[in-house]
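Chemist: This is a predicted model, with the sequence first.
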Amino acid sequence: MDTSDQKQIERRVFTSFFQAGIVEAFTGIILVQLGLPALFSRSGFGDLESALLALPIALVLLIGVFLVRKFVIVRRLGHVKFLPERRRRISKLIIVPTLTLIAGAIVGYVFTENAPLRHAFVAQIPFILIPIIVFGAAAYFLDMKRLYVYGAIVGLVFPVGKYLETVIVSPNTLPATILFASFVFLGIAITSLVAFLRKHHEPEV
């Protein structure tokens, strides 16, 4: 077996770990954690109360994803040790999102402290670019092209929600838009998991 065949087989094995909707589930949970506090805060709760109310829901979903991965996905696919090149690519994945989130936090602080910027369309740019860059980095390093599409969708959620807010004139329009996107991703995750279970049966003991 030459190196190209080995890398191709490794890629198929690697991507099979993400066929059960893990990435979609994580994306949906992130959006839930963004949408619920916004919904609660616009319903009269304080910012801290809103975050605390949303946190248990996100944690339950997150724990569920880890349990599914451990007792369903790994049980059917087994443990795999990948080639050094792919392990290096995965280790580099954390660098780009970390730097992007730090830069986004700085830019967001500037916009928050500057009233003219806060109310301008330019204030939405970080909400658009950060998901696109983070998902783009994940798509490149994990070699999963569908993440480019996910990044574009998540990046458009906030500006689309703000636009619908001006059309519908409802304080709950933006969080509803974010939560709708989260339900779409969670629905894709469930559908992918069902397809995965049909394709990969539990090994016989």
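Modeler: Arrived safely, thanks for sending. Numbering: from 1, shown residues only.
Chemist: Just the CA atoms of stretch 32-52, as PDB, please.
Modeler: The C-alpha trace of stretch 32-52 is given here as PDB (Å, rounded to 0.1, in the frame of the first residue of the first chain):
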ATOM      1  CA  VAL A  32     -28.700  27.500  21.500                       C
ATOM      2  CA  GLN A  33     -26.300  29.100  23.900                       C
ATOM      3  CA  LEU A  34     -26.400  32.300  21.900                       C
ATOM      4  CA  GLY A  35     -30.200  32.400  21.200                       C
ATOM      5  CA  LEU A  36     -31.700  31.400  24.600                       C
ATOM      6  CA  PRO A  37     -29.900  34.100  26.700                       C
ATOM      7  CA  ALA A  38     -30.900  36.700  24.100                       C
ATOM      8  CA  LEU A  39     -34.500  35.500  24.300                       C
ATOM      9  CA  PHE A  40     -34.500  35.500  28.100                       C
ATOM     10  CA  SER A  41     -33.000  38.900  28.300                       C
ATOM     11  CA  ARG A  42     -35.500  40.400  26.000                       C
ATOM     12  CA  SER A  43     -38.300  38.800  28.100                       C
ATOM     13  CA  GLY A  44     -37.300  40.800  31.100                       C
ATOM     14  CA  PHE A  45     -34.500  38.800  32.700                       C
ATOM     15  CA  GLY A  46     -31.100  40.300  33.500                       C
ATOM     16  CA  ASP A  47     -28.000  39.400  31.400                       C
ATOM     17  CA  LEU A  48     -26.600  37.200  34.200                       C
ATOM     18  CA  GLU A  49     -30.000  35.500  34.900                       C
ATOM     19  CA  SER A  50     -30.400  34.800  31.200                       C
ATOM     20  CA  ALA A  51     -27.000  33.200  30.900                       C
ATOM     21  CA  LEU A  52     -27.600  31.100  34.000                       C
END
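Chemist: Identify the residues contacting that stretch?
Modeler: The set of residues external to stretch 32-52 that reach it, using Cβ atoms under 8 Å, 6 or more residues apart in numbering, is 53-55, 57-58, 61, 171-172, 174-179, 181-182, 186. Just so you know, the C-beta spots here come from the backbone N, C-alpha and C atoms, and that holds for glycine as well.
Chemist: how about a cut-off of 7 Å?
Modeler: Identification of contacts with stretch 32-52 by Cβ atoms under 7 Å, 6 or more residues apart in numbering yields 53, 54, 57, 58, 61, 171, 172, 174, 175, 178, 179, 182.
Chemist: I figured the last one hits residue 24, correct?
Modeler: So that's residue 182. No - under the criterion of Cβ atoms under 7 Å, residue 182 is not in contact with residue 24, lying 10.3 Å apart.
Chemist: what do these two both touch?
Modeler: In contact with both residue 182 and residue 24: no residue, using Cβ under 7 Å, 6+ apart.
Chemist: Dihedrals phi and psi, residue 171?
Modeler: When quoted as degrees, to the nearest 10, the phi and psi of residue 171 stand at phi -70, psi -20.
Chemist: Can you pull the phi/psi pair for the residue lying closest to it once chain neighbours are set aside?
Modeler: In this structure, residue 171 finds its nearest non-sequential neighbour in residue 42, 4.5 Å apart by Cβ to Cβ, 6 or more residues apart in numbering. Per-residue torsions, residue 42: phi -80, psi 0 (degrees, to the nearest 10).
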